[in-house]
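Visitor: okay, sequence plus prediction incoming.
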Amino acid sequence: MSEQPRANTSASAPLLRVRGVSVTYAAQRSIADLLARRPANGIVALDSVDLDVNAGEIVAVVGESGSGKTTLARVIAGLIDADEGVVEVEGEGPNDWRSVGMVFQDPYETLDPKRTLGEFVAEGLEAQGLPMDRVNTSLEAAELLPAAAFRDRVPEELSGGQRQRVVIAGALALNPKLVIADEPVSMLDVSMRAQILKLIEQLRRDQGIAWLFITHDLSLAWAISDRVVVLYLGAVVEEGAAEQVLRNPAHPYTRALLAALPSTDPGAASTHSLAAGEIPQGDTPSGCRFRNRCAHAVEACANKRPPLEAAPGGGAGHRVACIRAAELPPLS
Amino acid sequence: MSTAAGADHVRQLPAGADAASPLLEISGLRVSFTLSDGRRLTAVDGINLSVAPSEAVGLAGESGSGKSTVVGAIMGLLAPNGRIDAGNIRYRGLDLVAKGAPLRRTRWREIAVVFQGSLVALNPVIKVRDQVAEAIELRLGESAEVAQEKAKHLLHDVGIPEKRLNAYPHQLSGGQRQRAMLAVALSCSPAVLIGDEPTTALDVIVQAQILELLDRMRQEYGLGLILITHDLAVIADMCDRVAIMYAGRIVESGSVKEIFSAPRHPYTQALLGAAPDARAGRRTIKVLEGHPPDLSALPPGCHFAPRCPLADARCREEDPPTIEYADRVTLACHRYSLGDGKPPTPIDAPYPTLELGKR
């Protein structure tokens, strides 16, 4: 139970520090709204998110569609601005990051079909004024061997798994300390997935690269990460060491995610839906945002947003945002 | 029991069908497509599959395995360049492949499908209740009034809230759209329901809700359910029997209990071991090297041989025969001796493994 995250959790500053990040998208107004001069209600994509990633750590952000996980990735990568809050990498603001790479879900969209792999990797080097000899070393680090043979090829000549390796090579070229990977394997066939996961772990082990691994797949999050952060409707509802969160899920939403996971294990119980309905697409509920779907909700859940606090009976760093966490029945 | 459709409905079988024959039986089905350069590609190569009332059968495989082509063949919805070269698809004894088969009579009324992308399958400019009612009017010849009433019951039955009956598809959530699609599919009280990746686009909690609903409908209506998916865990959860497809062939089939606890075909072993499983506490995954084959340039012999750690010279030359070594349990693999009618001892294919999260 006292398993600690692999990387340091001491007072030293984290590699990535996210504090109080909020993003609101403007909602579309109908003509009737305009005529009645109703104000535009923003859709809250992220609400005051805190997140740390330590050097060499793999942190998984787990969320369903609509959880805000991709918005979070884009804010951290500096692709969109937060309305509020701070994002720092090694204590620096967004204009000074050279140490963050980004890998998206769909390699087909990231790569330009007309450009060679070498040109793709060189693009980032040029922008950062880094030496061009890093093209080969990056392709090699992504296990596209021999690099000299790959650099003149175009994406069409590669498999889906190889294309994702090229995208990873592009991220590695900048010598990052942190790579943000948004659903990096979800578009790949099962047989390609294992190869990419292996590469991610190797790069962490051999080069000390930290990963922010964004996924909808709780099994994968648990298996690959040191820590898991569960996001629901733009807010962190639970976080902790991967093993703790999966063995002792403290938030009703995490429990529902786990109960809904089908398993091929002949001994596993069948899945069931512990939560009603779906992620709301319009207005965010007051107080706890999960309360409309939660079997344990009481009136007090509507009053204020529950703070992220130490999980009852949880280990170090296991935190949950649920006022009823201590009263939840044990998991069967 | 719902009044909309269901067990109380006395089935009028189409001409040529008889109630004593198996519900749906596919044998030796072969489907090919003509490519733009004139070559032919065999997408489904001689498969057998059957489903009985109230039974759930899973058809599993990666993209390109041919599993969705099987749906096209059953429903008579193959692309224009596709052709059934051999085999039968019998519904209660009636051959749906034969010339002049009453496909218009059987499609939707006897056999219905729920596809993955419900946003394209539903008409965007018609309210969901009207879409279900229209299907009932058109296919069962009911009056508009009766059809509207049946539609209301059916939508209630699949869990669409009353206040959403007159919503347009885009006003529904993803899970609600999939429920509405299920109502359309069930509108003519089919005997067989095919789910073609019916939950693949959904979040995991909503997937669990829809799977629960499908399972309840199967039991209430005595449906024969064929579930087509790349996700073996969904099949483990829902099905009685499973067939594993690779490059157009079924490589292994049998009861879910048997196949998932003792997978014999090396490809089945790879698929079952390819993803970590948090509920089973398994972090170690099997690494399957290489790529699925190009169906227009298949290797000779066993199609899986180039990726198989057990393959020997014979596997690369001769097609493995499919042996039914027990009732409705099949295996197509040279590495097993299957002559004596006994379940062969599983051979663990030595795939490289990867232990994720090794700290």
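Guide: Happy to help now that I have it.
Visitor: in a strand, that's where residue A:229 is, yeah?
Guide: Yes - in this structure, residue A:229 lies within a strand as judged by DSSP: H, G, I helix; E, B strand; the rest coil.
Visitor: that one and chain B: what is the separation?
Guide: With distances taken as CB to the nearest CB, to the nearest Å, residue A:229 is found 16 Å from chain B. Yep, even glycine has a C-beta here, placed from its N, CA and C like the rest.
Visitor: next, count neighbours for that residue.
Guide: Neighbourhood size, residue A:229 [other CB atoms under 10 Å in any protein chain shown]: 27.
Visitor: over to residue B:20?
Guide: A count of nearby residues for residue B:20, using other CB under 10 Å, gives 6.
Visitor: return the residues in contact with it.
Guide: residue B:93 (CB atoms under 8 Å, 6 or more residues apart in numbering or on different chains).
Visitor: okay, now the unreliable bits of the stretch 1-150 of chain A?
Guide: Low-confidence segments of the stretch 1-150 of chain A (pLDDT under 70): A:1-11, A:27-30, A:33, A:38-42, A:94-98.
Visitor: make it 50
Guide: Where the stretch 1-150 of chain A drops to pLDDT under 50, the residues are A:1-10.
Visitor: same deal with chain B?
Guide: Those would be B:1-8, if you go by pLDDT under 50 across chain B.
Visitor: would you mind measuring from the residue nearest the centre of it to chain A?
Guide: In chain B, the residue lying closest to the centroid (CA atoms, centre = their mean) is residue B:228, at 2.7 Å. Using CB to the nearest CB, residue B:228 is found at 15 Å from chain A.
Visitor: what sits against that residue?
Guide: Contacts here follow CB under 8 Å, 6+ apart; on that basis residue B:228 touches B:58-60, B:67-68, B:70-71, B:194-197.
Visitor: name the nearest of the residues you listed relative to residue B:232.
Guide: residue B:60 (5.5 Å; CB to CB).
Visitor: give me the number of neighbouring residues for residue 78.
Guide: Using chain A here. The tally of other residues near residue A:78 (other CB under 10 Å) stands at 15.
Visitor: hm, I was asking about chain B
Guide: Neighbour number of residue B:78 under other CB under 10 Å is 18.
Visitor: sec struct for it, please.
Guide: Assignment for residue B:78 (three-state DSSP): coil.
Visitor: contacting residues for it?
Guide: B:31, B:69, B:72, B:84.
Visitor: now render these as TSV, adding neighbour count.
Guide: Shown next, in TSV, are the contacts of residue B:78 (neighbours: other CB atoms under 10 Å in any protein chain shown):
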residue	neighbour count
B:31	24
B:69	23
B:72	18
B:84	18
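Visitor: need the residues you listed in CSV (columns: secondary structure).
Guide: Below are these laid out as CSV (three-state DSSP):
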residue, secondary structure
B:31, strand
B:69, helix
B:72, helix
B:84, strand
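Visitor: could these go into TSV alongside distance to chain A?
Guide: Below are the contacts of residue B:78 laid out as TSV (distance: CB to the nearest CB, whole Å):
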residue	distance to chain A
B:31	22
B:69	17
B:72	21
B:84	27
